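**Student:** quick check, what structure comes out for this input:
(one chain, ligands or ions: 1)
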Amino acid sequence: MKKYILSAVVSLALGTAIVHAEEAKTAPAAGVSPVKIEMRLLNDAFKNLIDSLILNTPETIEEPFHEIHKAKANTEAALEKGEIKLPKNGDKMKQFIELDEQFHKKLEILIEASRKKDMKTVQETTHKLLNGCVQCHSKFRN
Ligand code: HEC
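**Tutor:** Residues are numbered from 1 along each chain as shown. Here you go, the predicted model:
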């Protein structure tokens, strides 16, 4: 009996994970905020970045960030239409856009460095990006 319950729990968890991954790739999904879609892609790209840094494979860094570029365009369009609702400090949209711009500039530095296989700059920029995630989340999400 216990075994059945366990396997039901496992398949439920796996099912949720698959749905989550699928949802992240279909931009813009109905009802899901474009910020969330961008963030899920960013999360995947960032984890891949950490792996690439640790394994010293600069050539694997760039690709996952391309999807984010497209997702950012959707976020910007929704921002212009006033459709974005932030979980926190929603009235400080100007500051949110500024943080977002700064963050994307750091992403460009990262991609450039990865193309040059300059792993020192990749590592430094990764630290700055991580600070950027935490900074923006503490202001607008958590
Ligand atoms: C400029 C602001 C900003 C930056 C920078 C930022 N985030 Fe976010 N992030 C947000 C906001 C706002 C939300 C909440 C969106 C919502 O709930 O509607 C969010 C949500 C998320 C989520 C949850 C998505 C979901 O499905 O609910 C993840 C994961 C995430 N961010 C990862 C990251 C990572 C990783 C980084 C850095 C590499 C990062 N974020 C950088 C603003 C930011």
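
**Student:** which parts of the chain sit against the ligand?
**Tutor:** Counting by C-beta under 6 Å from any ligand atom, the residues of the chain close to the ligand are 33, 35-36, 39-40, 42-43, 46, 86-87, 96, 99-100, 103, 129, 132-133, 136-137, 140-141. Placement of C-beta: from N, CA and C, glycine included.

**Student:** so which of these sit within helices?
**Tutor:** 35-36, 39-40, 42-43, 46, 96, 99-100, 103, 129, 132-133, 136-137, 140 (DSSP state H).

**Student:** how far off centre is stretch 41-52?
**Tutor:** Offset of stretch 41-52 from its chain centre (C-alpha atoms, centre = their mean, to the nearest Å): 8 Å.

**Student:** if you count neighbours, what's buried in that stretch?
**Tutor:** The neighbour-count check on stretch 41-52 (16 or more other C-beta atoms under 10 Å) flags 41-42, 44-46, 48-49, 52 as buried.

**Student:** what is the nearest of those residues to the ligand?
**Tutor:** The ligand lies nearest to residue 46 out of the buried residues of stretch 41-52, by C-beta to the nearest ligand atom, at 4.1 Å.

**Student:** ok, that closest one - contacts?
**Tutor:** 129-130, 133 (C-beta atoms under 8 Å, 6 or more residues apart in numbering).

**Student:** ok, residue 35 next?
**Tutor:** 75, 84, 86.

**Student:** so the first one sits right up against residue 84, yeah?
**Tutor:** Yes - taking contact to mean C-beta atoms under 8 Å, the distance of 7.2 Å between residue 75 and residue 84 places them in contact.

**Student:** mind giving me the packing neighbours of the strand or helix carrying residue 78?
**Tutor:** Secondary structure assignment for residue 78, by DSSP states H and E: helix 63-80. Contacts defined by 3 or more C-beta pairs under 8 Å, 6 or more residues apart in numbering; DSSP states H and E place helix 63-80 against helix 34-55, helix 93-115.

**Student:** deepest of these, which one?
**Tutor:** helix 34-55 (a mean of 17; mean count of other C-beta atoms under 10 Å).
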